[in-house]
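> Sequence and predicted model, in that order:
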Amino acid sequence: MTTQVQLGIFEGPLDLLLHLIKKNEVSITDIPIASITEQYLATLDLMQSLDLDVAGEFLVMAATLVHIKSRMLLPVGDDEAEEDEEGNDPREELVRRLLEYQRFKDAAEQLGQREILTRDVFTRSMIPTEDIPVPSLREVSVFDLLTALRRVLERLPKENVHEVTLEKITVREKMTLLLDTLHTHSKVLFDALFLEVKTRLEVVVTFLAMLELVKVRAIRIFQDIPGGPIQIEAAAGMDAVPSELVIDEEEQHGT
(Lines give C-alpha, C1' and ligand atoms only; values in the text may rest on other atoms or scores of the structure.)
Protein backbone atom coordinates (compact mmCIF):
# COMPACT_ATOMS: atom_id res chain seq x y z
CA MET A 1 0.00 0.00 0.00
CA THR A 2 1.48 3.34 -1.02
CA THR A 3 1.05 6.61 0.80
CA GLN A 4 -0.27 9.53 -1.24
CA VAL A 5 0.21 13.01 0.14
CA GLN A 6 -2.09 15.80 -0.97
CA LEU A 7 -0.96 19.19 0.23
CA GLY A 8 -2.42 22.65 0.03
CA ILE A 9 1.02 24.24 0.28
CA PHE A 10 2.00 23.61 -3.33
CA GLU A 11 2.56 26.70 -5.41
CA GLY A 12 1.53 26.68 -9.05
CA PRO A 13 3.56 25.96 -12.18
CA LEU A 14 4.57 29.62 -12.56
CA ASP A 15 6.15 29.46 -9.09
CA LEU A 16 8.11 26.39 -10.16
CA LEU A 17 9.33 28.18 -13.29
CA LEU A 18 10.36 31.27 -11.30
CA HIS A 19 12.17 28.99 -8.84
CA LEU A 20 14.12 27.33 -11.68
CA ILE A 21 14.91 30.67 -13.32
CA LYS A 22 16.24 32.03 -10.02
CA LYS A 23 18.18 28.84 -9.33
CA ASN A 24 19.85 28.99 -12.75
CA GLU A 25 20.47 32.74 -12.42
CA VAL A 26 19.01 33.55 -15.83
CA SER A 27 16.78 36.37 -17.02
CA ILE A 28 13.01 35.91 -17.28
CA THR A 29 13.11 37.70 -20.62
CA ASP A 30 15.70 35.27 -22.06
CA ILE A 31 14.73 31.82 -20.73
CA PRO A 32 17.02 28.93 -21.85
CA ILE A 33 13.93 26.91 -22.70
CA ALA A 34 15.66 23.55 -23.30
CA SER A 35 17.45 23.54 -19.94
CA ILE A 36 14.47 24.89 -17.97
CA THR A 37 12.10 22.38 -19.60
CA GLU A 38 14.41 19.50 -18.70
CA GLN A 39 14.60 20.62 -15.07
CA TYR A 40 10.84 21.27 -14.91
CA LEU A 41 10.08 17.74 -16.15
CA ALA A 42 12.65 16.26 -13.74
CA THR A 43 10.91 18.04 -10.84
CA LEU A 44 7.52 16.69 -11.94
CA ASP A 45 9.00 13.18 -12.14
CA LEU A 46 10.31 13.54 -8.59
CA MET A 47 6.94 14.82 -7.33
CA GLN A 48 5.12 11.91 -8.96
CA SER A 49 7.65 9.36 -7.67
CA LEU A 50 6.86 10.64 -4.17
CA ASP A 51 3.14 10.04 -4.84
CA LEU A 52 2.52 13.76 -4.38
CA ASP A 53 -0.75 14.98 -5.86
CA VAL A 54 0.30 16.91 -8.97
CA ALA A 55 -2.38 19.33 -10.16
CA GLY A 56 -3.35 19.27 -13.84
CA GLU A 57 -2.04 22.81 -14.33
CA PHE A 58 1.51 21.50 -13.80
CA LEU A 59 1.01 19.03 -16.65
CA VAL A 60 -0.49 21.74 -18.88
CA MET A 61 2.60 23.89 -18.29
CA ALA A 62 4.83 20.90 -19.06
CA ALA A 63 3.06 20.48 -22.41
CA THR A 64 3.43 24.22 -23.06
CA LEU A 65 7.17 24.11 -22.38
CA VAL A 66 7.67 21.08 -24.61
CA HIS A 67 5.70 22.83 -27.38
CA ILE A 68 7.81 25.99 -27.08
CA LYS A 69 10.98 23.91 -27.03
CA SER A 70 9.93 22.05 -30.20
CA ARG A 71 9.12 25.33 -31.99
CA MET A 72 12.57 26.68 -31.14
CA LEU A 73 14.36 23.48 -32.22
CA LEU A 74 12.55 22.84 -35.50
CA PRO A 75 13.83 24.46 -38.73
CA VAL A 76 12.10 27.75 -39.41
CA GLY A 77 9.97 27.92 -42.58
CA ASP A 78 9.60 31.01 -44.77
CA ASP A 79 6.32 32.12 -43.14
CA GLU A 80 7.68 31.54 -39.65
CA ALA A 81 10.91 33.36 -40.55
CA GLU A 82 8.89 36.44 -41.47
CA GLU A 83 7.04 36.23 -38.14
CA ASP A 84 10.33 35.88 -36.22
CA GLU A 85 11.69 38.97 -37.95
CA GLU A 86 8.67 40.81 -36.55
CA GLY A 87 9.66 39.70 -33.04
CA ASN A 88 7.36 36.71 -32.60
CA ASP A 89 9.43 34.73 -30.07
CA PRO A 90 7.77 31.41 -29.05
CA ARG A 91 8.62 32.31 -25.44
CA GLU A 92 6.92 35.72 -25.61
CA GLU A 93 3.56 34.77 -24.10
CA LEU A 94 5.19 32.73 -21.32
CA VAL A 95 7.57 35.60 -20.48
CA ARG A 96 4.63 38.00 -20.30
CA ARG A 97 2.78 35.70 -17.89
CA LEU A 98 5.87 35.25 -15.72
CA LEU A 99 6.61 38.99 -15.50
CA GLU A 100 2.98 39.76 -14.62
CA TYR A 101 2.88 36.99 -12.01
CA GLN A 102 6.22 38.13 -10.55
CA ARG A 103 4.85 41.68 -10.10
CA PHE A 104 1.79 40.44 -8.22
CA LYS A 105 3.90 38.06 -6.14
CA ASP A 106 6.36 40.80 -5.15
CA ALA A 107 3.48 43.12 -4.21
CA ALA A 108 1.88 40.40 -2.08
CA GLU A 109 5.17 39.70 -0.28
CA GLN A 110 5.66 43.39 0.47
CA LEU A 111 2.15 43.64 1.91
CA GLY A 112 2.66 40.49 3.93
CA GLN A 113 5.87 41.86 5.48
CA ARG A 114 4.17 44.95 6.86
CA GLU A 115 3.43 45.09 10.55
CA ILE A 116 -0.25 44.51 11.28
CA LEU A 117 -0.49 47.83 13.12
CA THR A 118 0.80 49.79 10.14
CA ARG A 119 -1.19 47.73 7.66
CA ASP A 120 -4.66 47.60 9.25
CA VAL A 121 -4.57 49.84 12.34
CA PHE A 122 -2.81 53.19 12.72
CA THR A 123 -1.71 54.55 16.09
CA ARG A 124 -0.13 57.81 17.24
CA SER A 125 3.07 57.30 19.19
CA MET A 126 3.70 59.77 22.03
CA ILE A 127 7.31 58.84 22.71
CA PRO A 128 9.75 57.72 20.02
CA THR A 129 10.84 54.17 20.67
CA GLU A 130 14.11 52.59 19.69
CA ASP A 131 13.78 50.04 16.92
CA ILE A 132 14.81 46.57 18.04
CA PRO A 133 16.14 44.42 15.20
CA VAL A 134 14.13 41.25 14.72
CA PRO A 135 15.66 38.31 12.86
CA SER A 136 14.00 37.81 9.48
CA LEU A 137 13.20 34.17 8.76
CA ARG A 138 12.33 33.04 5.26
CA GLU A 139 9.69 30.37 4.80
CA VAL A 140 10.94 27.59 2.54
CA SER A 141 8.91 26.75 -0.57
CA VAL A 142 8.06 23.22 -1.65
CA PHE A 143 10.37 23.61 -4.63
CA ASP A 144 13.28 24.52 -2.32
CA LEU A 145 12.58 21.28 -0.45
CA LEU A 146 12.44 19.25 -3.66
CA THR A 147 15.77 20.74 -4.76
CA ALA A 148 17.31 19.81 -1.40
CA LEU A 149 15.81 16.31 -1.67
CA ARG A 150 17.36 15.80 -5.12
CA ARG A 151 20.78 16.67 -3.64
CA VAL A 152 20.25 14.07 -0.89
CA LEU A 153 19.24 11.40 -3.43
CA GLU A 154 22.25 12.19 -5.64
CA ARG A 155 24.59 11.65 -2.66
CA LEU A 156 23.30 8.12 -2.03
CA PRO A 157 25.65 5.33 -3.14
CA LYS A 158 24.60 3.62 -6.33
CA GLU A 159 22.46 0.63 -5.42
CA ASN A 160 23.40 -2.78 -6.81
CA VAL A 161 20.47 -4.72 -8.23
CA HIS A 162 19.93 -7.80 -6.10
CA GLU A 163 17.08 -9.35 -4.21
CA VAL A 164 16.91 -8.33 -0.56
CA THR A 165 14.33 -8.41 2.19
CA LEU A 166 13.57 -4.82 3.14
CA GLU A 167 12.56 -3.85 6.65
CA LYS A 168 9.14 -2.22 6.57
CA ILE A 169 9.40 1.55 6.96
CA THR A 170 6.24 3.57 7.40
CA VAL A 171 5.58 7.27 7.07
CA ARG A 172 3.83 7.23 10.43
CA GLU A 173 6.89 5.81 12.20
CA LYS A 174 9.13 8.44 10.60
CA MET A 175 6.71 11.17 11.69
CA THR A 176 6.99 9.98 15.28
CA LEU A 177 10.80 9.80 15.06
CA LEU A 178 10.98 13.36 13.70
CA LEU A 179 8.69 14.63 16.48
CA ASP A 180 10.85 12.83 19.05
CA THR A 181 13.94 14.49 17.56
CA LEU A 182 12.34 17.93 17.78
CA HIS A 183 11.28 17.19 21.35
CA THR A 184 14.97 16.70 22.21
CA HIS A 185 16.45 19.37 19.94
CA SER A 186 14.62 22.64 19.29
CA LYS A 187 15.83 22.74 15.67
CA VAL A 188 17.34 20.30 13.19
CA LEU A 189 18.91 20.84 9.78
CA PHE A 190 17.17 19.30 6.77
CA ASP A 191 20.36 17.50 5.69
CA ALA A 192 20.85 16.10 9.22
CA LEU A 193 17.65 14.06 8.85
CA PHE A 194 19.32 11.98 6.15
CA LEU A 195 22.83 11.48 7.57
CA GLU A 196 22.17 7.88 8.64
CA VAL A 197 19.84 7.06 5.73
CA LYS A 198 21.26 4.50 3.29
CA THR A 199 18.44 3.74 0.83
CA ARG A 200 16.25 5.75 -1.52
CA LEU A 201 13.15 4.20 0.09
CA GLU A 202 14.03 5.56 3.52
CA VAL A 203 14.87 8.99 2.06
CA VAL A 204 11.46 9.14 0.36
CA VAL A 205 9.57 7.96 3.45
CA THR A 206 11.40 10.48 5.65
CA PHE A 207 10.59 13.28 3.22
CA LEU A 208 6.90 12.30 3.06
CA ALA A 209 6.75 12.19 6.86
CA MET A 210 8.13 15.72 6.99
CA LEU A 211 5.54 16.96 4.46
CA GLU A 212 2.72 15.34 6.44
CA LEU A 213 3.86 17.17 9.58
CA VAL A 214 3.94 20.44 7.61
CA LYS A 215 0.42 19.69 6.41
CA VAL A 216 -0.95 19.42 9.96
CA ARG A 217 1.13 22.44 11.04
CA ALA A 218 3.15 20.40 13.53
CA ILE A 219 6.50 21.64 12.20
CA ARG A 220 7.83 24.74 10.49
CA ILE A 221 10.54 24.84 7.81
CA PHE A 222 12.57 27.99 7.20
CA GLN A 223 15.90 29.58 6.26
CA ASP A 224 17.72 32.32 8.18
CA ILE A 225 18.85 33.81 4.87
CA PRO A 226 17.87 33.10 1.24
CA GLY A 227 19.90 30.13 0.04
CA GLY A 228 21.00 29.28 3.58
CA PRO A 229 20.65 25.92 5.35
CA ILE A 230 17.07 24.65 5.57
CA GLN A 231 16.01 24.27 9.20
CA ILE A 232 13.09 22.48 10.84
CA GLU A 233 11.50 23.25 14.19
CA ALA A 234 8.32 22.32 16.04
CA ALA A 235 5.53 24.76 15.21
CA ALA A 236 3.45 23.80 18.25
CA GLY A 237 3.86 22.19 21.62
CA MET A 238 4.01 18.40 21.62
CA ASP A 239 0.58 18.29 23.29
CA ALA A 240 -0.90 20.12 20.29
CA VAL A 241 0.15 17.45 17.80
CA PRO A 242 -2.83 15.30 16.70
CA SER A 243 -2.85 12.13 18.77
CA GLU A 244 -3.30 9.89 15.71
CA LEU A 245 0.23 10.85 14.58
CA VAL A 246 1.87 9.45 17.70
CA ILE A 247 2.73 5.76 17.80
CA ASP A 248 2.73 4.15 21.21
CA GLU A 249 5.44 1.72 22.22
CA GLU A 250 3.32 -1.42 21.71
CA GLU A 251 2.25 -0.44 18.16
CA GLN A 252 5.76 0.59 17.18
CA HIS A 253 7.19 -2.80 18.17
CA GLY A 254 4.19 -4.72 16.78
CA THR A 255 3.17 -6.24 20.09
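That came through fine. Numbers count the residues shown, from 1 in each chain.
> Which parts of the stretch 101-250 of the chain are helices?
Secondary structure of the stretch 101-250 of the chain, counting by DSSP state H, counting those that start in this stretch: helices at 116-119, 142-155, 171-184, 200-215, 249-252.
> Any idea which of the ones you listed gets closest to residue 99?
Of all the helices of the stretch 101-250 of the chain, helix 142-155 sits nearest to residue 99, with 19.1 Å by CB to CB. Using the backbone N, CA and C atoms, a C-beta is placed for each residue, glycine as well.
> tell me the angle that closest one makes with helix 200-215.
Put simply, helix 142-155 runs at 160 degrees to helix 200-215, going by axes from the mean of the first three to the mean of the last three CA atoms, to 10 degrees.
> For helix 142-155, which outside residues touch it?
With CB atoms under 8 Å, 6 or more residues apart in numbering as the test, helix 142-155 has contacts from 7, 9-11, 15-16, 19-20, 23, 42-43, 46-47, 190-191, 194, 197, 200, 203, 207, 210-211, 221, 223, 230.
> quick check: mean pLDDT across it?
The pLDDT scores in helix 142-155 average 84.
> Next: stretch 90-110.
The average of the pLDDT scores along stretch 90-110 is 87.
> do the same with stretch 213-231
86.
> first to last residue in it, what's the distance?
Distance across stretch 213-231, first residue to last, is 14 Å (CA to CA, to the nearest Å).
> cool, stretch 185-203 as well?
Distance across stretch 185-203, first residue to last, is 21 Å (CA to CA).
> Could I get the buried residue list for it?
Of all the residues in stretch 185-203, those buried under the rule 16 or more other CB atoms under 10 Å are 188, 190, 193, 194, 197, 202, 203.
> As a markdown table, those residues with pLDDT would be great.
Formatted as a markdown table, these follow (pLDDT from 0 to 100):
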| residue | pLDDT |
| --- | --- |
| 188 | 91 |
| 190 | 91 |
| 193 | 87 |
| 194 | 89 |
| 197 | 81 |
| 202 | 88 |
| 203 | 89 |
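> Just the closest of those residues to residue 54, please.
For these, the nearest to residue 54 is residue 203 (19.5 Å; CB to CB).
> That closest one against residue 156, yeah?
Yes. Residue 203 is within contact range of residue 156, at 6.9 Å (criterion: CB atoms under 8 Å).
> Common neighbours of those two, please.
Counting by CB under 8 Å, 6+ apart, the shared contacts of residue 203 and residue 156 are residue 197.
> quick one on the thing from earlier: inside strands: which ones of the contacts of helix 142-155?
Counting by DSSP state E, those place 221, 223, 230 in strands.
> Report the contact partners of the first one.
Think residue 221. Residue 221 makes contacts with 139, 140, 145, 190, 210, 214, 230, 231, 232, as judged by CB under 8 Å, 6+ apart.
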